[in-house]
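> pasting the sequence and the predicted model now:
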Amino acid sequence: MTAKFLQVDDRLQTNLNQVLDLTWARFPALAQNQIAVTWLAYEPPYIVNTGGALSSDDFWQQRPKGASYRGVELIYPASVVKLFYLVAIHEWLERGMTQSSPELERAMHDMIVGSSNDATGYVMDVLTGTTSGPELPPGPFETWKHQRDLVNRYLKTLQWPELATINANQKTWCDGPYGRERAYLGDGYENRNMLTTEASARLLHSIVGGVAVNAARCQTMMRFMTRDLDPQVLAADPDNQVTGFLGAGVPVDTQVWSKAGLTSKVRHDAAYIEADGAHPYLLVVFTEGTEHSHNEDILPFVSAQILSLMQSQDMSQ
């Protein structure tokens, strides 16, 4: 086990703890074990969004300052896991393990831009050579399960300690899985997708840094994650990934790249943010609980507090 990719900074940790105290005061029903946060502050001389100017080795030798709360707790990630599938499919394409096609390109776009579960299912089929369908006999099902776990095995090759405990081998659903997909989850859903905020932060950090697969592919991924904060644009799309998420806590002229996750039991977001009067920063916030998943104020509140800190005089020293 190597050191964390981030430098836990005492000042940032104190500030994060203060933000959490404010959050619990504002939302007293939110329990301390119903939120997890990882925050990276890209203060000078650290520069991250370089378009891939640094080699992977040079990039990982630098450790951004950050802070984390419950950052290693495994939490159902909802659609945040789609970022992991996005990196994986770009890796497959780069290695020639699969070929590009209009349908694959459309699915990759829709998986992130619109958070389509149908598109995600197609991408998972391409990644693993598996398809959904009726239950399988034991032998074929073992083969199917081995294939479906291919993304997990790829992530292990990155040798990131933050990925050691996660699980990313399930499709995402609207109504839910049936047949072999339901069987693969396990009777108690013990094989469902699970992520941590630190694992999600490191993956997003690698994309922003231009070292996930390669610089050109990272730029494509970043384009997919770009969020338009214009109120008219948001009003026209009730399923946008800004309202009720981190992008709603910053001014409309802020640049936000993000991937949200939402179910009836969780509300999450992972975002890289460039705002006027602040150094760039990365923020991942996971919240759990049925009552909180419907609350569109918690994540914007946390986001606004973090931005205020990033803009403060103390943070720029």
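Good, I have the coordinates.
> which residues in the stretch 201-317 of the chain form strands?
If DSSP state E, counting those that start in this stretch is used as the criterion, the strands of the stretch 201-317 of the chain fall at 226-227, 255-262, 266-274, 281-288.
> in its sheet, what does the last one sit against?
Meaning strand 281-288. Here strand 281-288 is paired, per DSSP bridges, with strand 35-41 (antiparallel), strand 266-274 (antiparallel).
> turn the ones you listed into a markdown table, columns for distance to residue 24, mean pLDDT and mean neighbour count.
The way it works is simple: take the backbone N, C-alpha and C, and place the C-beta from them, glycine included. As requested, the strands paired with strand 281-288 are exported to a markdown table (distance: least, Cβ to Cβ, whole Å; pLDDT from 0 to 100; neighbours: other Cβ atoms under 10 Å):
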| stretch | distance to residue 24 | mean pLDDT | mean neighbour count |
| --- | --- | --- | --- |
| strand 35-41 | 9 | 98 | 26 |
| strand 266-274 | 16 | 98 | 25 |
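> those: which one's closest to residue 220?
Residue 220 lies closest to strand 266-274 among the strands paired with strand 281-288, at 15.1 Å (Cβ to Cβ).
> how far away from the center of its chain is the closest one?
Remark: strand 266-274 is offset 7 Å from the chain centroid, using Cα atoms, centre = their mean, to the nearest Å.
> and what of stretch 186-202?
Relative to the mean C-alpha coordinate of its chain, stretch 186-202 is positioned 12 Å out (Cα atoms, centre = their mean).
> now swap in stretch 4-14 and tell me
Once both centres are worked out by Cα atoms, centre = their mean, stretch 4-14 turns out to sit 20 Å from its chain's centre.
> any chance of the strands of the stretch 201-317 of the chain in JSON lines, plus distance to residue 74?
Shown next, in JSON lines, are the strands of the stretch 201-317 of the chain (distance: least, Cβ to Cβ, whole Å):
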{"stretch": "strand 226-227", "distance to residue 74": "27"}
{"stretch": "strand 255-262", "distance to residue 74": "14"}
{"stretch": "strand 266-274", "distance to residue 74": "12"}
{"stretch": "strand 281-288", "distance to residue 74": "10"}
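> among these, which comes closest to residue 61?
By Cβ to Cβ (comparing all of the strands of the stretch 201-317 of the chain), the closest turns out to be strand 281-288, at 18.2 Å.
> quick one: average pLDDT of the closest one?
Looking at strand 281-288 alone, the average pLDDT works out to 98.
> again, but for stretch 307-317
For stretch 307-317, the mean pLDDT works out to 75.
> going forward, count from 757.
All right, first residue 757 from here; so that's stretch 1063-1073.
> residue 786 is nearest to which of the strands of the stretch 957-1073 of the chain?
Distances from residue 786 to each of the strands of the stretch 957-1073 of the chain were compared by Cβ to Cβ, and the smallest falls on strand 1037-1044, at 7.1 Å.
> check which residues of the closest one are buried.
By neighbour count on 16 or more other Cβ atoms under 10 Å, the buried set for strand 1037-1044 is 1037-1044.
> dump the strands paired with strand 1037-1044 to JSON lines, plus distance to residue 905.
JSON lines is the format used below for these (distance: least, Cβ to Cβ, whole Å):
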{"stretch": "strand 791-797", "distance to residue 905": "25"}
{"stretch": "strand 1022-1030", "distance to residue 905": "23"}
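> residue 836: which of the ones you listed is closest?
strand 1022-1030 (5.2 Å).
> now that closest one - C-alpha only, CSV.
The C-alpha coordinates for strand 1022-1030 follow below in CSV (Å, rounded to 0.1, in the frame of the first residue of the first chain):
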residue,chain,number,x,y,z
VAL,A,1022,-28.2,8.4,-3.0
ARG,A,1023,-27.3,11.8,-4.5
HIS,A,1024,-23.6,12.2,-5.6
ASP,A,1025,-21.5,14.4,-7.7
ALA,A,1026,-17.8,14.5,-8.8
ALA,A,1027,-16.7,17.8,-10.3
TYR,A,1028,-13.7,19.7,-11.4
ILE,A,1029,-14.3,23.5,-11.1
GLU,A,1030,-12.6,26.6,-12.4
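> picking that back up, out of the buried residues of strand 1037-1044, which comes closest to residue 812?
Set against residue 812, the nearest of those by Cβ to Cβ is residue 1038 (18.0 Å).
> gap between residue 884 and residue 917?
When Cβ to Cβ, to the nearest Å is applied, the distance between residue 884 and residue 917 equals 25 Å.
> more neighbours, the two?
For residue 884 and residue 917, the more surrounded residue by other Cβ atoms under 10 Å is residue 884, and the numbers stand at 19 against 15.
> for the more buried one, what are phi and psi?
Residue 884 adopts backbone torsions of phi -110, psi -10, taken as degrees, to the nearest 10.
> could you point out which element follows the helix or strand that contains residue 848?
Secondary structure from DSSP states H and E places residue 848 in helix 838-851. The element immediately downstream of helix 838-851 (helix or strand, assigned by DSSP H and E) is helix 858-869.
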